Structures are given as structure tokens and as C-alpha cells.
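Participant: Next comes the sequence, and after it the predicted model I'd like to discuss.
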Amino acid sequence: LFQYKRLNYGTNSAAEIFQNVLQQNLSDIRGVKNLVDDIIIHGKTRKSHDEALENCLKRLAALNFKVKGEKCEFLQDEITFFGLKFTAAGTKPDPESIENMVRVQAPKTAGEVRSLLGMANTCHEYIPDYATITAPLRELTKKNIAFKWENRHQKAFEQLKKKLTSTQVMAYFDTKKRSLVIVDGSPYGISAILAQKEHHSQQYKILSYASRALSPVETRYSQTDIEGLSLVWGIEHFRMFLIGSEFDVITDHKALESIFNNPRSRPPARIERWMMRLQPFNFKVIYRKGSLNEADNLSRHPAVIEREQITSTSAEGYVNYVTNCSVPKSMTLDEIKKATHNDPVLQKVKKCMKEGKWDENDPDLKPFRLCADELTYNASAGILLKNTRLVIPTPLQERATKLGHIGHQGIEKTKSLLREKIWYPNMDKRVKEMYPELHGQYLLVVIDTYSKFAEIEIVNSTEAKTCIPKLDTIFARYGIPSKIKTDNGPSEHYTVVQRKYNTIIAERDGKTVTRNVSHFKKVVMEESVEEQEDTAPGRSTETEEPPKQEPSVRRSTRMKRP
């Protein structure tokens, strides 16, 4: 059996093995990097450079590695490394590689076009309008497209070569400088520019360009959503430079400044999900007029993408969280999912959202079409959301409305409770139709301070003229008290009561009254009107903190008759 004693040249995995061995042995030396068999040694000062060079040579000698002196370059102001030229000012594409690309003849097959784009793509970060220049050439690489070289392709080919010869130098990233992300969105695409401010100056240097086209679904976003998408995509694209530091985001869309800088803002659900994705970043959004925004032109000439972007896991998690939190009490998510699937109107809505086309002549779709930008379909749960509220299918709308009125509060309160978690077309109108005589109901609680015995009456108003008949009934059983303590209600009502019963209205003990009323309110809110009437005798003896004896015993020195 024969085996190699050294790494053999030409073996399929030889380059990867050699790269790993060098990296493992040189990675701990400051100022030393390697790529396969190329080693770059750098330093900000001559001293740091020489120390790194000495440490690297000692390590190679210890490992019995040899280098060819004629292939080495020392003390260079600029070097070419892995297709890029590194200078004191920054980086730019290797001039020799550019020259080779410029000398290439016009492609004659789709394969040659792919090869050309593959070479040119290494420089796309240095060409702001790279995508729009290469768009005609990319069309020739698509499947089922006959190769036909036309004038527009030749024009794009010549323009690409011209741009390659005029690429600008990109500055180096400096951790001590404040970073900027300049973003912009257009109907065609989104773009971002990473830059850094100079110390004690408003001038900044560009580090990188980035852009991409909008997917078919994204082209139907509102302008605010497109601008928000450019902000999120730009920050995440340059994540490795921005995470863990403060930076500014420049946009020409004024609305984003108030949405992202105000923690109390309530944006649409889509932007709210994006805001959650940006929680790890510390940034401030600054508005700048569009004519002064460098990313504006870049967004109108974006890089082309072939498929829709996959929704991030964090966004899906947020949608599921909102879905589960919005399910009304006494309803299950499975119920709503099944009803949504069987609701023909919601199925039409789902189809319109997917295709991005709404039938303006369909009356069933009109209320959904007017709020199309606020609708989201949760595929995993099989339901629709309007911002953070569930869209209730038609068969469940009446039941959901009744759940909102379970506490028998006023009509406005009922509508307010429903709006917190659910939505369906004409919901307010439906509430008024189901409860046409619905007015607010209140608890009139009268408590004997000695025995803690309580009497409760349900009234439709807090006015004296409404409460006095109830008080007449109570005082007829127990007598008129010499002193009445009240909460912080309107003083004119107490004047009427005082005149009616010729009694003293004492200083208002709001704390005691509020504490006891809260206890009774909690009990009553869980009962229907009929149950409240049936259980009134039992509630009349309840208190939050009962004494050692029953209130009825302390009041009349006898047990209350069952």
C-alpha cells in the first residue's frame, strides 16, 4: 500500500486542505491573513508591520513551510490581493482584471453572456447603476429565451465596459467613525449606501453600494412600505458593519422619521414586524430631501432578483404571536381557520391579495380593497389579519359581537372592545343593529360602614333622578342614614340627595368606595342581566374583606333568612 507523505499537487481537495492548515496556524498572529497560498501582512505603522512580518516568518519556519523570495513583495504602499487593489485611500477592482474584461469580444451564446456577467459581478459594489446596465444582458440568460444579439444588447455591453474602467475607490471601514446608511425606494427597486463620516466634518466617504429589484408582491406595496423595506433591507445587508454601534439612516421619506424614531407610533402591521426585526440595532432615522439623497438614482436602477424573498422567521413568529393574542375569548383558532376556509368572501380576498388585483365592481370586496395595504394572510394559521386584528369570517361575526357585549357595557365601550382584537366590514353598524337600545349600565352600591353589609342596584345613569328611586327602596327597608359618604361624583347630584333625605353628605371617601365597587364590578361583569337579577340577594352580603361575622348578622343581630 502506497500513500502520499505530503499534500499532492492536483488533488481535488488540496486547495481547501492547504487553506485550512495555513489559517489554523496563522490566524492568531495580528496583521496576518491568508487566502489559499497567498499571505498578506499589514500594519498601520512601520513598527506594527515589521512585528507582524517577523512573527509570520518565525511561524512558517517552525512549521517547515518554505516561501519563494522572488514571488514576495515587501513594504508596498498598495497591493493586489484576490482580485482587488488595496491602497491607502481604499479598495478598487484590480486594473489588470478590468483590462482583461474590457478586451472581451461581444458574446455569441448565452453561456458566454453568463461568463461575462460572472466576471463583471465581482465589481458590482463599485458601480452604482450596475443592475440597470446589465438588465438587457441578463434577459439573454433566461430559460426558453432564444439568443438574439441586438443593438440594445451591444449598447449595454459597451456601457458596462466603460463603467468598469471608471470605478471609484471605496474607503475602508473604521470602527471609530460614525456610520451612515443612505436608503431609498422606488417603484422599481430598493437601494442602500454604506458610508462613514469624517471626524469633525460633515463630509463622508462611501464604503459600498447595494441594490436589488422588488419582487412581484413588493411592487404592490404602498410607497411608505417600499421606503420602509429599503430601510430594513439596507440595515440587514450591512449588518456586520452596523451591529453593536450607533449609526444614522438617511431617507427621503418623511414618514419613516416619525415612525421609527417615535416609540409610541402605531404603524401598519407590516412595518411593525420590520421594526421588531431591527430591535438588535441602535440607529436614528434622519430625513433628507430626495434631490440630496445619493441612493435615489441607485434605487431606480436596482439589481435584479429572480425570485421573491423568503419571509424571515422573525416576521412569521410575530404574525403568529399577533394571531394568537387576537383570538376572542370563547373562540378557538381552529374555529376561525375553518370558517375562513369556508367563507367565499374571504377566499376571494385571499386570491386578490395573492394576485395583487382587486375587482372594483364586486361589492363584497370593496371594504377589503379600501384597506388592502393593512391586510396580511397568515399561511400557517390560515386566517386573515387587518394590522394586528383578526378578520372574522361571516358565520362567526354575530357570535364575536356578542362576546364583546358580554359585560353589558355601553355601545361605545362595546365597539371599543371589539376594535381591539377583531375586524369585519361594517362592524360598528352591526353592533348598533344588534343592540339598538344599548345604553351604559352602572352599579349603585350602598354599604353600611359598620356591618359592611352591601346593597346593589343596577341603574342606567348616575344622575340623582335615576338613583333616588333606588335609594328610596333601600332606605325604606333600613331607614334613612344620618350621614352619607360618597365617591368623587358630580357635586350637584349630592345636593339633590341631601335635600331629598335631609341628611349630611360627608367628606368623600373615594378610596374605600372604589375598592369595594371594584370587587362587585368584577363579579357582575361575569354575569348576564338575568343572572344579575337572580344573584342580587347573594351579592348584597358580599364584601371584599368580610368581617368575622356575616354582614347581615352585624346589621340586624340575626342570620338572614335563606
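Facilitator: That came through, no problem.
Participant: Quickly find the element holding Tyr209.
Facilitator: Assigned by DSSP states H and E, Tyr209 belongs to strand 204-213.
Participant: whoops, Val497 was the one
Facilitator: Using DSSP H and E, Val497 falls in helix 491-501.
Participant: what sits up against that helix?
Facilitator: Helix 491-501 has contacts (C-beta atoms under 8 Å, 6 or more residues apart in numbering) with 462-465, 467-468, 471, 475, 480, 484, 486, 503-505. (Glycine included, C-beta is placed from N, CA and C.)
Participant: Give me the subset of the residues you listed lying in helices.
Facilitator: Ala464, Lys465, Cys467, Ile468, Leu471, Phe475 (DSSP state H).
Participant: Show me which pair in those is furthest apart.
Facilitator: Pairwise distances across the ones in helices among the contacts of helix 491-501 peak at 16.2 Å for Lys465 and Phe475 (criterion: C-beta to C-beta).
Participant: ok, those two, which is more surrounded?
Facilitator: Using other C-beta atoms under 10 Å, the more surrounded residue of Lys465 and Phe475 is Phe475, with 17 against 9.
Participant: how about the helices in the stretch 401-550 of the chain?
Facilitator: Ranges of helices in the stretch 401-550 of the chain, per DSSP state H, counting those that start in this stretch, are 411-421, 427-434, 464-478, 491-501, 510-524, 529-534, 536-539.
Participant: shaky segments in the stretch 251-400 of the chain?
Facilitator: Confidence mapping of the stretch 251-400 of the chain against pLDDT under 70 gives the ranges 290-330.
Participant: As a check, name the ranges of all strands in it.
Facilitator: Ranges of strands within the stretch 251-400 of the chain are 282-287, 375-378, 383-386, 389-391, based on DSSP state E, counting those that start in this stretch.
Participant: So which residues make contact with stretch 253-268?
Facilitator: For stretch 253-268, the surrounding residues in contact (C-beta under 8 Å, 6+ apart) are 185, 223-225, 227-228, 231, 249, 251, 271-272, 275, 284-287, 373-374, 387.
Participant: from the residues you listed, which would you call buried?
Facilitator: Using 16 or more other C-beta atoms under 10 Å as the burial test, these include 185, 224-225, 227-228, 231, 249, 251, 271-272, 275, 285, 374, 387 as buried.
Participant: mind giving me a markdown table with the ones in helices among the contacts of helix 491-501 and columns for distance to Met434?
Facilitator: Converted to a markdown table, the ones in helices among the contacts of helix 491-501 look like this (distance: C-beta to C-beta, whole Å):
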| residue | distance to Met434 |
| --- | --- |
| Ala464 | 32 |
| Lys465 | 29 |
| Cys467 | 28 |
| Ile468 | 32 |
| Leu471 | 33 |
| Phe475 | 38 |
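Participant: Which of the residues you listed sits closest to Ile392?
Facilitator: Of these, the one sitting nearest to Ile392 (C-beta to C-beta) turns out to be Cys467, at 38.3 Å.
Participant: how much space between that closest one and Val249?
Facilitator: Applying C-beta to C-beta, to the nearest Å, the value for Cys467 to Val249 is 58 Å.
Participant: Ok, Thr45 next?
Facilitator: Distance from Thr45 to Val249, by C-beta to C-beta: 35 Å.
Participant: so what strands line up beside the strand holding Tyr209?
Facilitator: strand 189-197 (antiparallel) (DSSP bridges).
Participant: Can you find the helix or strand in this structure with the smallest mean pLDDT?
Facilitator: Sorting the helices and strands of the chain by mean pLDDT, DSSP states H and E puts helix 536-539 at the bottom, at a mean of 44.
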